[in-house]
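# The following comprises the amino acid sequence and a computationally predicted model.
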Amino acid sequence: MIALFLRDVKLGLRAGGGALVGILFFLAVIAVVPFGVGPDLNLLARIGPAILWIGALLAGLLGLDRLFQADREDGALDVLLVHAPGFNLALAVLVKCLAHWTAAILPLVVASPLLGLFMNMTPQGIGATALTLLVGTPAIAFIGAVGAAVAVALPRGGLLVSVVILPLVIPVLIFGVSAAYAAVNDPDPFLPPFLILAALTLFFAVIGPAAAALALHHGSD
Amino acid sequence: MRLVVETLSGERGGETIFAGVSFALGAGEALLVTGPNGAGKTTLMRVIAGLLPAATGTIRFEGGGEAFPDVASALHFLGPVNAMKAALTVRENLEFWQSLAGPRHFQVCDAMDLVDLRRTADLPFGYLSTGQKRRIAIARLYLNYRPLWLLDEPTSGLDADSTAALAHFMREHLGDGGMIVASTHLPLGLDDAQTLEMGG
C-alpha cells in the first residue's frame, strides 16, 4: 500500500503529472478576481474565503479524471484488479485518493495563504480558510474517485467527471466556506460547521472508495 | 495443483463470445489458446483472470493450499499492454509490482538480468523500445512466485531471440510445476501443450 502511495505521488509530481497545472490554475483564478470585482478592499476581504474555496475546488477537479484512466490505458489497472483479493480494491482506491490529494491538492492548500493576501483577507481569515481547506479538500478527492471510476472507460471523460461530482461536493463547499466565515465574523460559531466539514470528509473517505471500487469492478472490460 | 474450468462461457455487451469451454490443467501443463481475431481469446483470458464475470460455468483452483486459495491469488496476468508507467524508471516499475504482489521470488536486478536488460534499470520505461518493454513486462512474472501464468499474446513486439528466450522461460516454469495458459497466433515452442481452438 505504501508503495502504491509513493508511486502515485511520484507520478503526480513528475513531468505530465499535472500537480503544477493545478496550482497555476488556482493562481490564475484567484489573481483574476480582484480585476473582475474591482479595487474595493472590503468587498474582496468579504468574498475572500468563498473565492479561495471555489478556486481550490475547481483546481482540485482538474486531473481527477486521470485517477484511474491512466492506469487503465497502460494495463496497470488490470494487474491491480487481479491482485485485488489479497489486496483490497477499496483500500487501494483510498490510497490512490490520498496520493492524489497529496500530490495535486495539498499544494493548493499550501498556496492558499499567499493567495489570501491577494484578496485582502485578515491573518485570522487566511488561517481559518487554510485550515478548512486542509480538512475539507480530501473529500473532493474521495468523491472525485467515484466519478473517475464511473467514467474510466470514457476517452473524454474529464468535464463529465467534474459535472457528475459537483453536486456532491456542494455540501463540502458550503460548510467549508461557512466555517471560514465564522472565524472572522464574531457572533457566528466556528466549531459546528467545521466539525460537520470534518465529518463529511470522514464520511466520504468510507463511501467514496467503496463505491469507486464497485464501479471499477463492473466497469472493467 | 490443478486449474479446472468447466463449461465456461463469456459474453460482452450481452453477446455470447464463446461457450462451453472446459479444460483442466495440472502442475507442469500448458494450454495454448488459438483462433482467428475476434474468436474470444482475450475475453477468455480476462474471464479466467477474474476481470470479466463468467456468464456461465466455473473456474476453480484446487490444491493450492494456504498460499494460493483461489485462482486470483495463484495467477500472474500478462495482458496485451505492459502495465508499466512510462514516467517511472524500469527499476521503480518493477519494485512497485514486486511490493504489491506478496512474497518475493526473484530480486528486481536478477529479474532484469534474466531478460538481459539490467543496463536499462535507471532509464524511464517510456524510453525503451517496444520489444524491450515487453521483456520488462515478462520480467515482472519472476518478481513474485505465482504457479499460474496467464499470458495474452506474450510474443507481441518480441524479436526471434526474445521469443526463444520466452519459450525457454515457459518451459522452465512448467518444469518447476507451474501452469501456463497462453493465447497466441504463433507457435510458442511448447511441444506437449494442450491446445484450445477458439471460434471457427
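That came through fine.

# What lies in contact with the top helix by length along chain B?
In chain B, assigned by DSSP state H, the helix with the most residues is helix B:160-175. Contact with helix B:160-175 is made by B:28-30, B:114-116, B:131, B:134-135, B:138, B:141, B:149, B:154-155, B:158, B:180, B:182, B:186, B:188-190, as judged by CB atoms under 8 Å, 6 or more residues apart in numbering or on different chains. The C-beta positions use only the backbone N, C-alpha and C, and glycine is treated the same way.

# In ChimeraX, how would I pick out whichever of these are buried, leaving the exposed ones unselected?
To isolate the buried members of those in ChimeraX, using 16 or more other CB atoms under 10 Å in any protein chain shown:
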select /B:29,30,114,115,131,134,135,138,141,149,154,155,158,180,182,188,190
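
# Validate this expectation: B:Phe23 resides in a strand.
Yes: assessed by DSSP: H, G, I helix; E, B strand; the rest coil, B:Phe23 belongs to a strand.

# Can you report how many residues neighbour B:Gly177?
For B:Gly177, the tally of surrounding residues (other CB atoms under 10 Å in any protein chain shown) stands at 12.

# Skipping its backbone neighbours, what lies nearest it in space?
B:Ala27 (4.2 Å; CB to CB, 6 or more residues apart in numbering or on different chains).

# Please list all residues in contact with that neighbour.
B:Met1, B:Arg2, B:Pro147, B:Gly177, B:Gly178, B:Met179.

# same thing but 10 Å
Shown in contact with B:Ala27 (CB atoms under 10 Å, 6 or more residues apart in numbering or on different chains): B:Met1, B:Arg2, B:Leu3, B:Gly63, B:Pro147, B:Leu174, B:Asp176, B:Gly177, B:Gly178, B:Met179.

# Likewise for A:Leu195?
A:Val135, A:Phe175, A:Ala179.

# Could you list the low-pLDDT ranges of chain A?
Low-confidence segments of chain A, defined by pLDDT under 70: A:15-17, A:84-87, A:220-221.

# Could you pull out the buried residues of stretch A:101-121?
Buried, per 16+ other CB under 10 Å, within stretch A:101-121: A:101-109, A:111-113, A:115-116, A:118-121.

# For the residue nearest to A:Leu41 when sequence neighbours are not counted, grab phi and psi.
Once flanking residues are discounted, A:Leu41 sits nearest to A:Asn120: 4.7 Å by CB to CB, 6+ apart. With angles defined as degrees, to the nearest 10, A:Asn120 sits at phi 60, psi 40.

# Confirm for me that A:Asn120 is in contact with A:Pro49.
No: taking contacts as CB atoms under 10 Å, A:Asn120 lies outside contact range of A:Pro49: 11.9 Å.

# Who are the contact partners of residue 125?
By default, I'm working from chain A. Here A:Gly125 is in contact with A:Ala45, A:Arg46, A:Gly48, A:Pro49, A:Leu52, A:Gly116, A:Met119, A:Ala180, A:Tyr181, A:Ala183, A:Val184, A:Asn185 (CB under 10 Å, 6+ apart).

# Sorry, I should have been clearer: chain B.
A:74, B:82, B:84-94, B:132-133, B:136-137 are the contacts of B:Phe125 under CB under 10 Å, 6+ apart.

# the helices in chain A, which residues?
A:2-13, A:19-37, A:41-61, A:66-73, A:76-82, A:89-100, A:106-118, A:123-150, A:158-184, A:191-219.

# Next, see if the fifth one gets close to chain B.
Yes: Helix A:76-82 comes into contact with chain B when judged by CB under 10 Å from any CB of the partner chain, the residues involved being A:Ala76, A:Leu77, A:Asp78, A:Val79, A:Leu80, A:Leu81, A:Val82.

# Now the two most distant members of those residues.
A:Ala76 and A:Val82 (10.7 Å; CB to CB).

# and these two? which has more neighbours close in?
The neighbour comparison of A:Ala76 against A:Val82 (other CB under 10 Å) goes to A:Val82, with 25 against 22.

# ok, what's across the strand from the residue nearest to that one when sequence neighbours are not counted?
With CB to CB, 6+ apart as the criterion, A:Val82 has its nearest non-adjacent residue at 4.6 Å, and that residue is B:Phe77. When bridges are called by DSSP bridges, B:Phe77 pairs up with B:Leu150.

# Surely B:Phe77 touches B:Thr42?
No: using CB under 10 Å, B:Phe77 is not in contact with B:Thr42, being 11.4 Å away.

# what sits in contact with each of these two?
Joint contacts of B:Phe77 and B:Thr42 (CB under 10 Å, 6+ apart) are B:Asp152.

# quick one, which of these two is more surrounded?
Remark: of B:Phe77 and B:Thr42, B:Phe77 carries more neighbours, 26 against 19, as counted by other CB under 10 Å.

# Per-residue confidence at the more buried one, what does it come out as?
We have a pLDDT of 91 for B:Phe77.

# burial measure for the spatially closest residue to A:Pro189 that is not a sequence neighbour, as a count.
Leaving out its chain neighbours, the residue that sits closest to A:Pro189 by CB to CB, 6+ apart is A:Ala182, at 6.0 Å. Using other CB under 10 Å, A:Ala182 has 20 neighbouring residues.

# check contacts around A:Ala182.
A:Pro49, A:Ala128, A:Thr132, A:Asp188, A:Pro189, A:Phe190, A:Leu191, A:Pro192, A:Pro193, A:Phe194.

# dump the residue contacts of the closest residue to B:Glu11 other than its chain neighbours.
Nearest residue to B:Glu11 in three dimensions, chain neighbours excluded: B:Ala55, at 4.6 Å (CB to CB, 6+ apart). Shown in contact with B:Ala55 (CB under 10 Å, 6+ apart): B:Leu8, B:Ser9, B:Gly10, B:Glu11, B:Arg12, B:Gly14, B:Thr16, B:Ile17, B:Phe18, B:Ala19, B:Val47.
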